[in-house]
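>>> return atomic coordinates for the entry below.
(2 chains)
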Amino acid sequence: DQQVKQNSPSLSVQEGRISILNCDYTNSMFDYFLWYKKYPAEGPTFLISISSIKDKNEDGRFTVFLNKSAKHLSLHIVPSQPGDSAVYFCAAATDSWGKFQFGAGTQVVVTP
Amino acid sequence: NAGVMQNPRHLVRRRGQEARLRCSPMKGHSHVYWYRQLPEEGLKFMVYLQKENIIDESGMPKERFSAEFPKEGPSILRIQQVVRGDSAAYFCASSPLPQGKTEAFFGQGTRLTVV
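Predicted structure coming up:
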């Protein structure tokens, strides 16, 4: 039962442009959401998080938007840089669960 | 403050052998999680431990897999009688609070290959 879905397995974007990554979830109990970035042969690195009491959180070039009614969140990267080329995972958790549910990931390639 | 340390980074085992994966959480972190990533897939939760206690093992296969986080020393994920399907990257994460309240920090992973 895949409760967190990233329907785009890959995304190609030009350097300097905006990258928009999408994530949908089915469990209305989720109240904490995160994005992780992963390079090959390395562990995931935390990027940004948002709790369900907010609809937007910004950290430098990264902004996460949460639409609770649509059960949808997105990650915006502006401007995209070559070093952003990686796999991005969306994750969700509930306060009572104590564990993350991860999406399948989106491979981002930033081209010159 | 060192990050989450996992060893070994790579582990090759023959079918039927045992695999032991170690994880030392970040200093001050008492919550440890193990995740598995199969090829071309996302990370799947396996088990959540606090010192000397298994909090949630709902993602662990019922047989051959076990985990512990003793009072002293690293957390251990043990896979007995490994099979080819156990080949995957195993990631450990730690956090100062349960994952529903804060982000977790991941180790570099152990890549298990069963031959």
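
>>> ranges for the strands of chain A?
With strands called from DSSP state E, chain A shows them at A:4-5, A:10-14, A:19-25, A:32-38, A:45-51, A:56-59, A:62-67, A:72-77, A:86-93, A:101-102, A:106-111.

>>> swap in chain B?
Taking DSSP E, the strands of chain B run over residues B:5-7, B:10-13, B:19-24, B:31-37, B:43-50, B:53-56, B:65-68, B:75-79, B:88-95, B:105-106, B:110-114.

>>> sheet partners, orientation included, of the second one?
Based on DSSP bridges, the strands next to strand B:10-13 in the sheet, each with its direction, are strand B:110-114 (parallel).

>>> in chain A, where is pLDDT below threshold?
Along chain A, segments meeting pLDDT under 70 span A:1, A:96-97.

>>> a markdown table please, covering the strands of chain A and showing distance to B:Asn53.
For every residue, glycine as well, the C-beta is placed using N, CA and C. Listed next are the strands of chain A as a markdown table, based on distance: least, CB to CB, whole Å:
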| stretch | distance to B:Asn53 |
| --- | --- |
| strand A:4-5 | 27 |
| strand A:10-14 | 40 |
| strand A:19-25 | 29 |
| strand A:32-38 | 22 |
| strand A:45-51 | 25 |
| strand A:56-59 | 32 |
| strand A:62-67 | 32 |
| strand A:72-77 | 32 |
| strand A:86-93 | 19 |
| strand A:101-102 | 22 |
| strand A:106-111 | 35 |
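
>>> could the strands of chain B be laid out in a markdown table, adding distance to A:Asn67?
Shown next, in a markdown table, are the strands of chain B (distance: least, CB to CB, whole Å):
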| stretch | distance to A:Asn67 |
| --- | --- |
| strand B:5-7 | 36 |
| strand B:10-13 | 41 |
| strand B:19-24 | 35 |
| strand B:31-37 | 27 |
| strand B:43-50 | 24 |
| strand B:53-56 | 29 |
| strand B:65-68 | 36 |
| strand B:75-79 | 37 |
| strand B:88-95 | 26 |
| strand B:105-106 | 27 |
| strand B:110-114 | 37 |
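
>>> would you list the ones you listed in JSON lines and tack on mean neighbour count and mean pLDDT?
Below are the strands of chain B laid out as JSON lines (neighbours: other CB atoms under 10 Å in any protein chain shown; pLDDT from 0 to 100):
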{"stretch": "strand B:5-7", "mean neighbour count": "18", "mean pLDDT": "96"}
{"stretch": "strand B:10-13", "mean neighbour count": "16", "mean pLDDT": "98"}
{"stretch": "strand B:19-24", "mean neighbour count": "20", "mean pLDDT": "98"}
{"stretch": "strand B:31-37", "mean neighbour count": "25", "mean pLDDT": "95"}
{"stretch": "strand B:43-50", "mean neighbour count": "22", "mean pLDDT": "94"}
{"stretch": "strand B:53-56", "mean neighbour count": "14", "mean pLDDT": "92"}
{"stretch": "strand B:65-68", "mean neighbour count": "18", "mean pLDDT": "97"}
{"stretch": "strand B:75-79", "mean neighbour count": "20", "mean pLDDT": "98"}
{"stretch": "strand B:88-95", "mean neighbour count": "24", "mean pLDDT": "95"}
{"stretch": "strand B:105-106", "mean neighbour count": "21", "mean pLDDT": "94"}
{"stretch": "strand B:110-114", "mean neighbour count": "18", "mean pLDDT": "97"}
